[in-house]
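*Asks:* Sequence plus predicted model, see below.
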Amino acid sequence: MEKGLVIRSTGSWYQVKTDSGQLVDCKIKGSFRLKGFKSTNPIAVGDRVHITLNTEGTAFITEIEDRKNYIVRRASNLSKQLHIIAANVDQCMLIATVNHPETSTIFIDRFLASAEAYGVPVALIFNKTDIYSDDEKRLLEGLTNLYTHIGYPCFCISALNETGIGEIKKMLAGKITLLSGNSGVGKSTLINAILPGQNLKTGEISAVHNKGTHTTTFSEMYPLDEGGYIIDTPGIKGFGTFDMKDEEVGHYFKEIFEFSANCKYGNCTHRNEPGCAVREAVEKHYISESRYLSYLNILEDREEGKYRAAY
Ligand SMILES: Nc1nc2c(ncn2[C@@H]2O[C@H](COP(=O)(O)OP(=O)(O)OP(=O)(O)O)[C@@H](O)[C@H]2O)c(=O)[nH]1
Ligand SMILES: [Zn+2]
(Lines give C-alpha, C1' and ligand atoms only; values in the text may rest on other atoms or scores of the structure.)
(Ligands and ions follow the chains in the order given, each with its own letter.)
Protein backbone atom coordinates (compact mmCIF):
# COMPACT_ATOMS: atom_id res chain seq x y z
CA MET A 1 0.00 0.00 0.00
CA GLU A 2 1.16 3.51 -0.80
CA LYS A 3 -0.24 6.91 -0.03
CA GLY A 4 -0.54 9.79 -2.44
CA LEU A 5 -2.32 12.84 -3.78
CA VAL A 6 -4.88 12.84 -6.60
CA ILE A 7 -3.61 15.39 -9.09
CA ARG A 8 -5.80 14.69 -12.10
CA SER A 9 -9.32 13.40 -12.45
CA THR A 10 -11.02 12.44 -15.68
CA GLY A 11 -14.14 10.78 -14.38
CA SER A 12 -13.01 7.17 -14.54
CA TRP A 13 -9.24 7.39 -14.07
CA TYR A 14 -7.33 9.27 -11.42
CA GLN A 15 -3.69 10.19 -11.59
CA VAL A 16 -2.07 9.88 -8.19
CA LYS A 17 1.30 11.29 -7.19
CA THR A 18 2.59 8.93 -4.53
CA ASP A 19 4.50 10.22 -1.54
CA SER A 20 7.58 8.59 -3.05
CA GLY A 21 7.12 10.73 -6.17
CA GLN A 22 5.71 8.26 -8.68
CA LEU A 23 2.80 9.07 -10.98
CA VAL A 24 0.30 6.21 -11.07
CA ASP A 25 -2.97 5.87 -13.03
CA CYS A 26 -5.62 4.59 -10.65
CA LYS A 27 -9.16 3.33 -10.65
CA ILE A 28 -11.54 3.05 -7.76
CA LYS A 29 -12.04 -0.25 -6.06
CA GLY A 30 -15.37 -0.71 -4.38
CA SER A 31 -17.70 2.18 -3.74
CA PHE A 32 -17.02 5.28 -1.76
CA ARG A 33 -20.22 6.74 -0.56
CA LEU A 34 -20.19 10.23 0.85
CA LYS A 35 -22.42 11.07 3.73
CA GLY A 36 -25.34 13.35 2.96
CA PHE A 37 -25.25 13.75 -0.81
CA LYS A 38 -24.95 11.97 -4.10
CA SER A 39 -21.98 12.95 -6.17
CA THR A 40 -21.00 12.14 -9.72
CA ASN A 41 -17.39 11.64 -8.66
CA PRO A 42 -16.49 10.15 -5.30
CA ILE A 43 -12.88 11.33 -5.53
CA ALA A 44 -11.51 14.67 -6.70
CA VAL A 45 -8.20 16.39 -7.23
CA GLY A 46 -6.68 17.28 -3.89
CA ASP A 47 -7.81 14.06 -2.24
CA ARG A 48 -5.25 12.12 -0.24
CA VAL A 49 -5.69 8.44 -1.01
CA HIS A 50 -4.29 4.99 -0.29
CA ILE A 51 -3.53 2.88 -3.33
CA THR A 52 -2.64 -0.74 -4.01
CA LEU A 53 -0.42 -1.28 -7.04
CA ASN A 54 -1.22 -4.12 -9.39
CA THR A 55 0.97 -5.89 -11.87
CA GLU A 56 0.22 -3.70 -14.91
CA GLY A 57 1.63 -0.63 -13.23
CA THR A 58 -1.78 0.84 -12.51
CA ALA A 59 -3.40 0.79 -9.10
CA PHE A 60 -6.64 0.70 -7.17
CA ILE A 61 -7.63 3.44 -4.82
CA THR A 62 -8.71 1.67 -1.66
CA GLU A 63 -9.22 4.50 0.76
CA ILE A 64 -9.76 8.29 0.90
CA GLU A 65 -8.31 10.14 3.84
CA ASP A 66 -10.61 12.56 5.68
CA ARG A 67 -10.93 15.86 3.85
CA LYS A 68 -10.40 19.22 5.44
CA ASN A 69 -12.90 20.63 2.92
CA TYR A 70 -14.30 20.01 -0.53
CA ILE A 71 -15.88 22.30 -3.07
CA VAL A 72 -18.92 21.15 -5.00
CA ARG A 73 -21.21 22.30 -7.75
CA ARG A 74 -24.35 20.82 -9.22
CA ALA A 75 -23.63 18.23 -11.87
CA SER A 76 -26.13 20.10 -14.07
CA ASN A 77 -28.85 22.68 -13.59
CA LEU A 78 -31.63 20.16 -13.22
CA SER A 79 -29.73 17.46 -11.41
CA LYS A 80 -29.72 16.92 -7.66
CA GLN A 81 -26.35 15.24 -7.99
CA LEU A 82 -23.27 17.16 -7.04
CA HIS A 83 -19.87 17.21 -8.61
CA ILE A 84 -16.85 17.61 -6.38
CA ILE A 85 -14.55 20.16 -7.97
CA ALA A 86 -11.65 19.77 -5.55
CA ALA A 87 -10.77 18.64 -2.05
CA ASN A 88 -8.42 19.99 0.61
CA VAL A 89 -8.21 23.45 -0.95
CA ASP A 90 -6.05 25.91 1.01
CA GLN A 91 -7.25 29.03 -0.80
CA CYS A 92 -9.09 30.39 -3.83
CA MET A 93 -7.97 33.14 -6.14
CA LEU A 94 -10.70 34.93 -8.01
CA ILE A 95 -9.53 36.73 -11.12
CA ALA A 96 -11.62 39.78 -11.89
CA THR A 97 -11.49 42.73 -14.28
CA VAL A 98 -12.90 46.22 -13.90
CA ASN A 99 -13.46 46.24 -17.65
CA HIS A 100 -12.77 44.13 -20.75
CA PRO A 101 -14.95 42.36 -19.58
CA GLU A 102 -16.50 43.91 -16.50
CA THR A 103 -16.74 41.57 -13.52
CA SER A 104 -19.80 42.62 -11.52
CA THR A 105 -19.55 43.14 -7.77
CA ILE A 106 -22.52 40.77 -7.50
CA PHE A 107 -20.44 38.03 -9.08
CA ILE A 108 -17.46 38.80 -6.84
CA ASP A 109 -19.60 38.89 -3.70
CA ARG A 110 -21.37 35.64 -4.52
CA PHE A 111 -18.05 33.97 -5.02
CA LEU A 112 -16.77 35.35 -1.72
CA ALA A 113 -19.91 34.25 0.13
CA SER A 114 -19.64 30.71 -1.28
CA ALA A 115 -15.99 30.53 -0.28
CA GLU A 116 -16.90 31.72 3.23
CA ALA A 117 -19.49 28.94 3.42
CA TYR A 118 -16.72 26.47 2.60
CA GLY A 119 -14.32 28.12 5.01
CA VAL A 120 -11.77 28.70 2.24
CA PRO A 121 -9.84 32.01 2.19
CA VAL A 122 -9.94 34.07 -1.01
CA ALA A 123 -7.57 36.55 -2.60
CA LEU A 124 -8.83 38.83 -5.38
CA ILE A 125 -6.70 39.39 -8.44
CA PHE A 126 -7.62 42.33 -10.62
CA ASN A 127 -6.15 41.73 -14.04
CA LYS A 128 -5.62 43.87 -17.16
CA THR A 129 -4.47 46.94 -15.23
CA ASP A 130 -2.44 47.86 -18.32
CA ILE A 131 -5.53 48.91 -20.26
CA TYR A 132 -7.65 50.76 -17.70
CA SER A 133 -8.73 54.37 -18.29
CA ASP A 134 -8.32 56.91 -15.49
CA ASP A 135 -11.94 56.36 -14.44
CA GLU A 136 -11.42 52.61 -14.39
CA LYS A 137 -8.27 53.04 -12.32
CA ARG A 138 -10.26 55.03 -9.75
CA LEU A 139 -12.90 52.31 -9.71
CA LEU A 140 -10.16 49.73 -9.22
CA GLU A 141 -8.78 51.66 -6.28
CA GLY A 142 -12.24 51.84 -4.73
CA LEU A 143 -12.71 48.09 -5.10
CA THR A 144 -9.32 47.15 -3.71
CA ASN A 145 -9.87 49.48 -0.73
CA LEU A 146 -13.29 47.96 -0.10
CA TYR A 147 -12.23 44.33 -0.26
CA THR A 148 -8.92 44.78 1.53
CA HIS A 149 -10.79 46.48 4.35
CA ILE A 150 -13.27 43.60 4.64
CA GLY A 151 -10.34 41.19 4.84
CA TYR A 152 -9.69 39.92 1.32
CA PRO A 153 -6.16 40.52 0.03
CA CYS A 154 -6.18 42.22 -3.38
CA PHE A 155 -3.59 42.14 -6.13
CA CYS A 156 -3.49 44.30 -9.23
CA ILE A 157 -1.69 42.72 -12.15
CA SER A 158 -1.27 42.55 -15.87
CA ALA A 159 -0.96 38.90 -16.83
CA LEU A 160 -0.20 39.99 -20.38
CA ASN A 161 2.76 42.19 -19.42
CA GLU A 162 3.67 39.90 -16.52
CA THR A 163 3.55 42.70 -13.97
CA GLY A 164 2.64 41.75 -10.40
CA ILE A 165 3.16 38.03 -11.02
CA GLY A 166 5.91 37.75 -8.37
CA GLU A 167 3.47 38.68 -5.60
CA ILE A 168 0.99 36.09 -6.83
CA LYS A 169 3.68 33.40 -6.84
CA LYS A 170 4.49 34.22 -3.23
CA MET A 171 0.85 33.71 -2.29
CA LEU A 172 0.77 30.38 -4.11
CA ALA A 173 3.95 28.85 -2.70
CA GLY A 174 3.36 25.63 -0.79
CA LYS A 175 -0.43 25.79 -1.03
CA ILE A 176 -3.25 24.17 -2.98
CA THR A 177 -5.02 27.03 -4.74
CA LEU A 178 -8.17 26.97 -6.82
CA LEU A 179 -8.18 29.59 -9.58
CA SER A 180 -11.53 30.94 -10.77
CA GLY A 181 -12.79 33.73 -12.94
CA ASN A 182 -15.34 34.63 -15.56
CA SER A 183 -14.58 33.85 -19.15
CA GLY A 184 -12.17 36.33 -20.72
CA VAL A 185 -10.63 37.77 -17.55
CA GLY A 186 -7.26 36.24 -18.43
CA LYS A 187 -7.11 33.07 -16.36
CA SER A 188 -5.22 31.08 -18.98
CA THR A 189 -2.85 33.98 -19.59
CA LEU A 190 -2.13 34.18 -15.86
CA ILE A 191 -1.56 30.44 -15.50
CA ASN A 192 0.82 30.53 -18.44
CA ALA A 193 2.71 33.41 -16.81
CA ILE A 194 2.96 31.44 -13.56
CA LEU A 195 3.84 28.17 -15.25
CA PRO A 196 5.78 28.94 -18.40
CA GLY A 197 5.86 25.93 -20.66
CA GLN A 198 2.74 24.37 -19.20
CA ASN A 199 0.38 23.50 -21.99
CA LEU A 200 -3.01 24.47 -20.69
CA LYS A 201 -5.13 23.08 -23.45
CA THR A 202 -6.69 20.06 -21.87
CA GLY A 203 -7.68 18.27 -25.06
CA GLU A 204 -4.70 15.93 -25.10
CA ILE A 205 -5.45 13.84 -21.99
CA SER A 206 -4.33 10.35 -22.87
CA ALA A 207 -6.85 9.14 -25.38
CA VAL A 208 -6.80 5.51 -24.27
CA HIS A 209 -8.14 6.12 -20.81
CA ASN A 210 -10.54 8.93 -21.48
CA LYS A 211 -12.93 8.30 -24.29
CA GLY A 212 -15.94 10.57 -24.10
CA THR A 213 -14.64 12.56 -21.18
CA HIS A 214 -16.52 15.79 -20.55
CA THR A 215 -14.50 18.84 -19.68
CA THR A 216 -16.75 19.36 -16.65
CA THR A 217 -15.61 16.08 -15.09
CA PHE A 218 -12.02 16.90 -15.82
CA SER A 219 -9.82 18.79 -13.46
CA GLU A 220 -6.14 18.94 -12.85
CA MET A 221 -3.63 20.32 -10.41
CA TYR A 222 -0.42 21.82 -11.72
CA PRO A 223 2.67 21.56 -9.51
CA LEU A 224 4.52 24.80 -8.81
CA ASP A 225 8.28 25.20 -8.65
CA GLU A 226 7.86 26.84 -5.24
CA GLY A 227 5.85 23.86 -3.95
CA GLY A 228 2.09 23.61 -3.91
CA TYR A 229 -0.38 23.30 -6.75
CA ILE A 230 -2.83 25.37 -8.70
CA ILE A 231 -6.13 23.86 -9.72
CA ASP A 232 -7.66 24.88 -13.00
CA THR A 233 -11.28 23.96 -13.51
CA PRO A 234 -12.05 24.46 -17.18
CA GLY A 235 -15.59 25.61 -17.80
CA ILE A 236 -16.46 26.17 -14.14
CA LYS A 237 -17.15 29.79 -13.31
CA GLY A 238 -18.40 29.55 -9.78
CA PHE A 239 -19.43 26.99 -7.26
CA GLY A 240 -22.51 26.10 -5.30
CA THR A 241 -23.28 26.48 -1.66
CA PHE A 242 -24.92 24.21 0.80
CA ASP A 243 -28.53 24.73 1.76
CA MET A 244 -28.86 27.59 4.18
CA LYS A 245 -31.65 29.55 5.74
CA ASP A 246 -32.30 33.21 4.80
CA GLU A 247 -30.98 34.43 8.13
CA GLU A 248 -27.73 32.52 7.51
CA VAL A 249 -26.79 34.22 4.23
CA GLY A 250 -25.50 37.22 6.20
CA HIS A 251 -23.03 34.97 8.01
CA TYR A 252 -21.04 34.74 4.80
CA PHE A 253 -20.65 38.49 4.35
CA LYS A 254 -17.98 39.16 6.96
CA GLU A 255 -18.89 42.78 7.71
CA ILE A 256 -22.65 42.13 7.66
CA PHE A 257 -22.12 39.32 10.11
CA GLU A 258 -20.14 41.61 12.40
CA PHE A 259 -22.84 44.30 12.54
CA SER A 260 -25.68 41.77 12.78
CA ALA A 261 -24.66 41.06 16.38
CA ASN A 262 -26.49 44.29 17.27
CA CYS A 263 -29.72 43.60 15.35
CA LYS A 264 -32.81 43.53 17.55
CA TYR A 265 -33.90 40.09 16.34
CA GLY A 266 -31.61 37.07 16.32
CA ASN A 267 -33.08 35.82 13.04
CA CYS A 268 -32.96 39.25 11.34
CA THR A 269 -32.56 39.04 7.56
CA HIS A 270 -31.55 42.72 7.42
CA ARG A 271 -34.31 43.78 5.06
CA ASN A 272 -37.22 45.50 6.79
CA GLU A 273 -36.96 44.33 10.36
CA PRO A 274 -37.11 47.05 13.03
CA GLY A 275 -33.90 47.64 14.95
CA CYS A 276 -31.67 46.23 12.19
CA ALA A 277 -28.08 47.23 12.88
CA VAL A 278 -26.98 46.17 9.39
CA ARG A 279 -29.29 48.61 7.60
CA GLU A 280 -28.19 51.33 9.96
CA ALA A 281 -24.56 50.54 9.12
CA VAL A 282 -25.34 50.75 5.40
CA GLU A 283 -26.98 54.15 5.89
CA LYS A 284 -23.92 55.37 7.79
CA HIS A 285 -21.62 53.94 5.07
CA TYR A 286 -19.90 51.50 7.43
CA ILE A 287 -21.11 48.77 5.10
CA SER A 288 -20.78 49.42 1.38
CA GLU A 289 -23.95 49.74 -0.63
CA SER A 290 -22.64 47.37 -3.31
CA ARG A 291 -22.03 44.63 -0.75
CA TYR A 292 -25.47 45.12 0.75
CA LEU A 293 -27.05 44.98 -2.74
CA SER A 294 -25.20 41.73 -3.48
CA TYR A 295 -26.50 40.35 -0.21
CA LEU A 296 -30.10 41.32 -1.10
CA ASN A 297 -29.60 39.92 -4.58
CA ILE A 298 -28.72 36.49 -3.18
CA LEU A 299 -31.79 36.54 -0.94
CA GLU A 300 -34.03 37.51 -3.87
CA ASP A 301 -32.67 34.79 -6.12
CA ARG A 302 -33.11 32.24 -3.39
CA GLU A 303 -36.78 33.17 -3.21
CA GLU A 304 -37.14 32.44 -6.89
CA GLY A 305 -35.08 29.26 -6.56
CA LYS A 306 -32.49 30.72 -8.91
CA TYR A 307 -29.44 31.00 -6.73
CA ARG A 308 -28.66 27.32 -6.46
CA ALA A 309 -29.58 26.71 -10.07
CA ALA A 310 -27.26 29.46 -11.25
CA TYR A 311 -24.26 27.40 -10.31
N1 LIG B 1 -4.64 43.99 -22.03
C2 LIG B 1 -4.61 42.81 -21.42
N3 LIG B 1 -5.17 41.74 -22.00
C4 LIG B 1 -5.12 40.56 -21.36
C5 LIG B 1 -4.49 40.42 -20.11
N6 LIG B 1 -4.62 39.12 -19.72
C7 LIG B 1 -5.28 38.50 -20.70
N8 LIG B 1 -5.58 39.35 -21.70
C9 LIG B 1 -6.30 39.05 -22.95
O10 LIG B 1 -7.65 38.74 -22.65
C11 LIG B 1 -8.14 37.73 -23.54
C12 LIG B 1 -8.67 36.55 -22.74
O13 LIG B 1 -7.58 35.96 -22.05
P14 LIG B 1 -7.57 34.42 -21.60
O15 LIG B 1 -6.34 34.19 -20.82
O16 LIG B 1 -7.86 33.54 -22.76
O17 LIG B 1 -8.85 34.45 -20.66
P18 LIG B 1 -9.55 33.27 -19.86
O19 LIG B 1 -9.98 33.85 -18.58
O20 LIG B 1 -8.68 32.07 -19.80
O21 LIG B 1 -10.82 33.02 -20.74
P22 LIG B 1 -11.58 31.65 -21.06
O23 LIG B 1 -10.61 30.81 -21.84
O24 LIG B 1 -12.78 32.08 -21.85
O25 LIG B 1 -11.93 31.06 -19.71
C26 LIG B 1 -6.98 37.37 -24.43
O27 LIG B 1 -7.08 38.10 -25.64
C28 LIG B 1 -5.75 37.83 -23.64
O29 LIG B 1 -4.66 38.16 -24.44
C30 LIG B 1 -3.89 41.58 -19.51
O31 LIG B 1 -3.31 41.56 -18.43
N32 LIG B 1 -3.98 42.74 -20.22
ZN1 LIG C 1 -30.50 43.05 10.79
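*Replies:* Yes, it's here. Just so we're clear, the structure is a prediction, and the values are computed from it rather than from any experiment. Numbers count the residues shown, from 1 in each chain. Ligands and ions are numbered 1, 2, ... in the order given.
*Asks:* Give the buried residues for whichever strand or helix holds Tyr295.
*Replies:* Using DSSP states H and E, Tyr295 sits in helix 289-303. Across helix 289-303, burial judged by 16 or more other CB atoms under 10 Å covers 290-292, 294-295, 297-299, 301-302. In short, each C-beta sits where N, CA and C put it, glycine included.
*Asks:* Counting by contacts, list what that helix packs against.
*Replies:* For helix 289-303, the helices and strands in contact under the criterion 3 or more CB pairs under 8 Å, 6 or more residues apart in numbering; DSSP states H and E are helix 105-118, helix 134-150, helix 246-249, helix 254-260, helix 277-283, helix 306-310.
*Asks:* so which of those helices comes closest to Asn99?
*Replies:* Asn99 lies closest to helix 134-150 among the helices and strands packed on helix 289-303, at 5.3 Å (CB to CB).
*Asks:* Now do that closest one: which elements does it pack against?
*Replies:* strand 122-126, strand 154-156, helix 289-303.
*Asks:* Now for the closest residue in space to Asp130 that isn't next to it in sequence: which residues touch it?
*Replies:* Using CB to CB, 6 or more residues apart in numbering and skipping residues adjacent in sequence, the residue nearest Asp130 is Ser158, 4.1 Å away. Contacts for Ser158 (CB atoms under 8 Å, 6 or more residues apart in numbering) come out as 127-130, 164.
*Asks:* circling back: would you format the helices and strands packed on helix 134-150 as TSV with mean pLDDT included?
*Replies:* Output for these, formatted as TSV (pLDDT from 0 to 100):
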stretch	mean pLDDT
strand 122-126	98
strand 154-156	98
helix 289-303	90
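*Asks:* Figure out which of those is closest to ligand 2.
*Replies:* Proximity to ligand 2 (CB to the ion) singles out helix 289-303 among these, at 10.7 Å.
*Asks:* what's in contact with that closest one?
*Replies:* Counting by CB under 8 Å, 6+ apart, 105-106, 108-110, 113, 146, 150, 246, 249-250, 253, 255-256, 269-271, 278, 282, 307-308, 310 sit against helix 289-303.
*Asks:* let's see 6 Å
*Replies:* With contacts defined as CB atoms under 6 Å, 6 or more residues apart in numbering, helix 289-303 is touched by 105-106, 109, 249, 253, 282, 307.
*Asks:* since we're on Ile61, how many residues are nearby?
*Replies:* Using other CB atoms under 10 Å, Ile61 has 23 other residues around it.
*Asks:* Reformat the buried residues of helix 289-303 as TSV; add distance to Ser39.
*Replies:* As requested, these are exported to TSV (distance: CB to CB, whole Å):
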residue	distance to Ser39
Ser290	34
Arg291	32
Tyr292	34
Ser294	28
Tyr295	29
Asn297	28
Ile298	24
Leu299	27
Asp301	24
Arg302	23
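*Asks:* Now render the contacts of Ser158 as CSV, adding pLDDT.
*Replies:* Output for the contacts of Ser158, formatted as CSV (pLDDT from 0 to 100):
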residue, pLDDT
Asn127, 98
Lys128, 98
Thr129, 98
Asp130, 98
Gly164, 98
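*Asks:* Check the residues you listed one by one and keep those near ligand 1.
*Replies:* Among those, proximity to ligand 1 is found for 127-128, 130 (CB under 6 Å from any ligand atom).
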